[in-house]
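Chemist: Quick check, what structure comes out for this input:
(one chain, ligands or ions: 1)
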Amino acid sequence: MIHEIFPVGVLQCNCSVVGDEQTREAMVIDPGDEIDHILEIVQKHGLKVTQIVITHAHIDHVGGAMKLKQATGAPILLNQNDYALLKMLDMQAAWIGMQTPGAVTIDQSVSTGAKIAAGNIVADVLHTPGHTEGSICLYFEADKKLIAGDTLFAGSIGRTDLPGGSYEKIMRSLHGPVMALPDETIVVPGHGPLTTIGEERECNPFLIAG
Ligand SMILES: [Zn+2]
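Modeler: Down below sits the predicted model:
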(Lines give C-alpha, C1' and ligand atoms only; values in the text may rest on other atoms or scores of the structure.)
Protein backbone atom coordinates (compact mmCIF):
# COMPACT_ATOMS: atom_id res chain seq x y z
CA MET A 1 0.00 0.00 0.00
CA ILE A 2 1.09 3.56 -0.63
CA HIS A 3 1.36 5.46 2.66
CA GLU A 4 2.65 9.01 2.96
CA ILE A 5 2.76 10.63 6.40
CA PHE A 6 3.50 14.34 6.76
CA PRO A 7 2.80 17.02 9.37
CA VAL A 8 0.39 19.83 8.44
CA GLY A 9 -0.56 23.13 10.03
CA VAL A 10 0.72 25.10 13.02
CA LEU A 11 0.18 22.17 15.40
CA GLN A 12 1.91 19.74 12.99
CA CYS A 13 -0.85 17.16 12.85
CA ASN A 14 0.29 13.99 11.06
CA CYS A 15 -1.81 13.69 7.91
CA SER A 16 -1.83 10.32 6.10
CA VAL A 17 -2.49 9.56 2.45
CA VAL A 18 -3.15 5.82 2.08
CA GLY A 19 -3.54 4.51 -1.46
CA ASP A 20 -4.11 1.23 -3.29
CA GLU A 21 -1.29 0.61 -5.79
CA GLN A 22 -3.62 -1.30 -8.12
CA THR A 23 -6.86 0.69 -8.20
CA ARG A 24 -5.20 4.05 -7.30
CA GLU A 25 -8.04 4.79 -4.86
CA ALA A 26 -7.01 6.55 -1.68
CA MET A 27 -8.16 7.74 1.70
CA VAL A 28 -6.84 10.86 3.40
CA ILE A 29 -6.77 10.79 7.18
CA ASP A 30 -6.75 14.04 9.20
CA PRO A 31 -6.40 16.78 6.56
CA GLY A 32 -6.00 19.48 9.19
CA ASP A 33 -4.45 22.11 6.93
CA GLU A 34 -2.22 22.58 3.84
CA ILE A 35 -4.73 21.03 1.44
CA ASP A 36 -2.69 22.14 -1.59
CA HIS A 37 0.26 20.12 -0.28
CA ILE A 38 -1.99 17.10 0.36
CA LEU A 39 -3.34 17.34 -3.20
CA GLU A 40 0.21 17.49 -4.58
CA ILE A 41 1.03 14.22 -2.83
CA VAL A 42 -2.20 12.65 -4.08
CA GLN A 43 -1.37 13.74 -7.63
CA LYS A 44 2.28 12.64 -7.39
CA HIS A 45 1.05 9.07 -6.87
CA GLY A 46 -1.78 9.34 -9.43
CA LEU A 47 -4.39 8.68 -6.76
CA LYS A 48 -8.10 9.44 -6.55
CA VAL A 49 -9.34 10.33 -3.06
CA THR A 50 -12.49 8.34 -2.23
CA GLN A 51 -12.64 8.79 1.56
CA ILE A 52 -11.76 11.58 3.98
CA VAL A 53 -11.44 10.20 7.51
CA ILE A 54 -11.19 12.35 10.64
CA THR A 55 -9.84 10.68 13.81
CA HIS A 56 -11.48 13.36 16.00
CA ALA A 57 -13.00 16.83 15.67
CA HIS A 58 -10.11 18.98 16.84
CA ILE A 59 -9.37 21.77 14.40
CA ASP A 60 -5.79 20.68 13.71
CA HIS A 61 -7.16 17.35 12.38
CA VAL A 62 -10.37 18.46 10.65
CA GLY A 63 -9.64 22.07 9.61
CA GLY A 64 -9.02 21.35 5.91
CA ALA A 65 -11.66 18.65 5.45
CA MET A 66 -14.22 20.77 3.56
CA LYS A 67 -11.59 22.19 1.22
CA LEU A 68 -10.37 18.66 0.45
CA LYS A 69 -13.96 17.50 -0.07
CA GLN A 70 -14.56 20.37 -2.50
CA ALA A 71 -11.43 19.42 -4.45
CA THR A 72 -12.07 15.66 -4.56
CA GLY A 73 -15.80 15.05 -4.02
CA ALA A 74 -14.95 12.42 -1.39
CA PRO A 75 -17.22 11.99 1.66
CA ILE A 76 -16.09 12.98 5.17
CA LEU A 77 -16.25 10.32 7.90
CA LEU A 78 -16.22 11.05 11.64
CA ASN A 79 -17.65 9.33 14.72
CA GLN A 80 -20.95 10.95 15.72
CA ASN A 81 -19.87 11.42 19.35
CA ASP A 82 -17.64 14.27 18.10
CA TYR A 83 -20.41 16.17 16.27
CA ALA A 84 -20.80 18.51 19.27
CA LEU A 85 -17.08 19.37 19.20
CA LEU A 86 -17.34 19.98 15.47
CA LYS A 87 -19.89 22.71 16.18
CA MET A 88 -17.23 24.45 18.31
CA LEU A 89 -14.68 24.91 15.51
CA ASP A 90 -14.88 28.72 15.71
CA MET A 91 -14.00 28.56 19.41
CA GLN A 92 -11.22 26.06 18.76
CA ALA A 93 -9.82 28.36 16.06
CA ALA A 94 -9.81 31.29 18.51
CA TRP A 95 -7.97 29.19 21.13
CA ILE A 96 -5.03 28.55 18.84
CA GLY A 97 -5.21 31.85 16.94
CA MET A 98 -6.16 30.22 13.66
CA GLN A 99 -8.61 31.43 11.05
CA THR A 100 -11.91 29.56 11.33
CA PRO A 101 -12.38 27.03 8.51
CA GLY A 102 -16.18 27.50 8.55
CA ALA A 103 -18.73 24.75 9.08
CA VAL A 104 -17.78 21.14 8.35
CA THR A 105 -20.54 18.71 7.36
CA ILE A 106 -20.10 14.99 7.95
CA ASP A 107 -21.34 12.49 5.40
CA GLN A 108 -21.16 9.37 7.55
CA SER A 109 -20.54 8.39 11.18
CA VAL A 110 -18.12 5.50 11.71
CA SER A 111 -17.64 3.41 14.84
CA THR A 112 -16.26 0.06 16.01
CA GLY A 113 -17.15 -2.66 13.52
CA ALA A 114 -17.10 -0.33 10.51
CA LYS A 115 -14.64 -0.98 7.71
CA ILE A 116 -13.34 1.86 5.55
CA ALA A 117 -12.03 0.86 2.14
CA ALA A 118 -10.00 2.53 -0.57
CA GLY A 119 -9.73 0.04 -3.39
CA ASN A 120 -8.48 -3.20 -1.81
CA ILE A 121 -7.10 -1.48 1.27
CA VAL A 122 -9.33 -1.90 4.28
CA ALA A 123 -9.14 -0.25 7.69
CA ASP A 124 -11.09 -1.42 10.73
CA VAL A 125 -12.50 1.41 12.83
CA LEU A 126 -11.86 1.27 16.59
CA HIS A 127 -13.92 3.72 18.65
CA THR A 128 -11.45 4.87 21.32
CA PRO A 129 -13.04 7.63 23.43
CA GLY A 130 -10.96 9.54 25.96
CA HIS A 131 -9.06 12.31 24.17
CA THR A 132 -12.52 13.21 22.82
CA GLU A 133 -15.83 11.31 23.01
CA GLY A 134 -15.71 10.45 19.32
CA SER A 135 -12.01 9.63 18.89
CA ILE A 136 -11.32 6.70 16.57
CA CYS A 137 -8.24 4.74 15.51
CA LEU A 138 -7.87 3.02 12.13
CA TYR A 139 -6.29 -0.44 12.01
CA PHE A 140 -4.91 -1.71 8.72
CA GLU A 141 -4.68 -5.40 9.58
CA ALA A 142 -2.98 -6.53 6.36
CA ASP A 143 -0.11 -4.08 6.92
CA LYS A 144 -0.22 -4.21 10.74
CA LYS A 145 -0.52 -0.44 11.00
CA LEU A 146 -2.53 1.71 13.38
CA ILE A 147 -3.40 5.32 12.71
CA ALA A 148 -3.99 6.39 16.29
CA GLY A 149 -5.11 10.02 16.14
CA ASP A 150 -4.42 11.70 19.48
CA THR A 151 -5.15 8.55 21.53
CA LEU A 152 -1.59 7.16 21.65
CA PHE A 153 1.76 8.86 21.09
CA ALA A 154 5.35 7.60 21.26
CA GLY A 155 5.96 7.63 25.01
CA SER A 156 2.73 9.42 25.85
CA ILE A 157 -1.06 9.47 25.48
CA GLY A 158 -3.58 12.08 24.36
CA ARG A 159 -4.47 14.91 26.72
CA THR A 160 -7.81 14.56 28.48
CA ASP A 161 -8.22 18.07 29.94
CA LEU A 162 -10.01 19.55 26.90
CA PRO A 163 -13.84 19.55 26.50
CA GLY A 164 -15.07 15.96 26.10
CA GLY A 165 -11.86 14.46 27.45
CA SER A 166 -11.79 11.68 30.05
CA TYR A 167 -8.71 10.06 31.57
CA GLU A 168 -10.75 7.00 32.64
CA LYS A 169 -12.10 6.54 29.13
CA ILE A 170 -8.75 6.93 27.37
CA MET A 171 -7.20 4.35 29.72
CA ARG A 172 -10.11 1.97 28.99
CA SER A 173 -9.64 2.52 25.24
CA LEU A 174 -5.89 1.95 25.46
CA HIS A 175 -6.04 -1.13 27.67
CA GLY A 176 -8.98 -2.42 25.60
CA PRO A 177 -8.85 -2.36 21.80
CA VAL A 178 -5.52 -0.55 21.30
CA MET A 179 -3.12 -2.65 23.37
CA ALA A 180 -4.90 -5.82 22.18
CA LEU A 181 -3.14 -5.32 18.84
CA PRO A 182 0.02 -7.31 18.03
CA ASP A 183 3.38 -5.97 19.26
CA GLU A 184 4.70 -5.53 15.72
CA THR A 185 1.89 -3.10 14.84
CA ILE A 186 3.32 0.21 13.61
CA VAL A 187 1.62 3.14 15.30
CA VAL A 188 1.18 6.44 13.44
CA PRO A 189 0.24 8.96 16.14
CA GLY A 190 -1.61 12.21 15.49
CA HIS A 191 1.56 14.15 16.26
CA GLY A 192 5.25 13.30 16.48
CA PRO A 193 7.26 10.20 15.60
CA LEU A 194 6.05 6.70 14.75
CA THR A 195 6.28 3.88 17.28
CA THR A 196 5.03 0.29 17.72
CA ILE A 197 2.53 -1.32 20.07
CA GLY A 198 5.35 -3.47 21.51
CA GLU A 199 7.55 -0.44 22.20
CA GLU A 200 4.68 1.36 23.97
CA ARG A 201 3.70 -1.77 25.90
CA GLU A 202 7.24 -1.90 27.27
CA CYS A 203 8.20 1.77 27.66
CA ASN A 204 5.17 4.07 27.72
CA PRO A 205 4.93 5.38 31.30
CA PHE A 206 1.12 5.61 31.04
CA LEU A 207 0.76 1.96 30.01
CA ILE A 208 3.31 0.11 32.10
CA ALA A 209 1.37 -1.77 34.76
CA GLY A 210 1.98 -0.13 38.10
ZN1 LIG B 1 -6.71 16.40 19.39
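
Chemist: Is Ala154 in contact with Gly192, as I believe?
Modeler: Yes. Using CB atoms under 8 Å, Ala154 is in contact with Gly192, at 5.8 Å. Yep, even glycine has a C-beta here, placed from its N, CA and C like the rest.

Chemist: which of those two has more neighbours?
Modeler: Counted by other CB atoms under 10 Å, Ala154 and Gly192 do not tie: Ala154 has more neighbours, with 16 against 13.

Chemist: distance of that one from Gly190?
Modeler: Separation of Ala154 from Gly190 (CB to CB, to the nearest Å) stands at 11 Å.

Chemist: next one: Phe153
Modeler: According to CB to CB, Phe153 stands 7 Å off from Gly190.

Chemist: Per-residue confidence at Met98, what does it come out as?
Modeler: The per-residue pLDDT reported for Met98 equals 84.

Chemist: Unless I misread the structure, it falls within a helix.
Modeler: No. Judged by DSSP: H, G, I helix; E, B strand; the rest coil, Met98 forms no part of a helix; its state is coil.

Chemist: that older thread, ok, Phe153 and Gly190, which is more surrounded?
Modeler: More neighbours surround Gly190 than the other of Phe153 and Gly190, with 29 against 21 (other CB under 10 Å).

Chemist: Tell me who's in contact with the more buried one.
Modeler: Counting by CB atoms under 8 Å, 6 or more residues apart in numbering, Gly190 makes contact with Cys13, Asn14, Asp30, Thr55, His61, Ala148, Gly149, Asp150, Thr151, Phe153, Gly158.

Chemist: Which ones among those residues map onto helices?
Modeler: Taking DSSP state H as the definition of helices, the contacts of Gly190 contribute His61.

Chemist: Relative to the ion, which of the contacts of Gly190 is nearest.
Modeler: Of all those, Asp150 has the smallest distance to the ion: 3.8 Å, by CB to the ion.

Chemist: Looks like that closest one contacts Val188 (just checking).
Modeler: No. Using CB under 8 Å, Asp150 is not in contact with Val188, being 11.7 Å away.

Chemist: If you count surrounding residues, which of the two has more?
Modeler: Per other CB under 10 Å, whichever of Asp150 and Val188 has more neighbours is Asp150, with 27 against 23.

Chemist: Can you give me the separation between the more buried one and Val42?
Modeler: Counting by CB to CB, the gap from Asp150 to Val42 is 24 Å.

Chemist: same thing with Pro193?
Modeler: 24 Å.

Chemist: So what's the residue count around His56?
Modeler: 30.

Chemist: Give the full set of residues in contact with it.
Modeler: His56 neighbours (CB under 8 Å, 6+ apart): Val62, Leu78, Asn79, Asp82, Leu85, His131, Thr132, Gly134, Ser135, Ile136, Gly149, Asp150.
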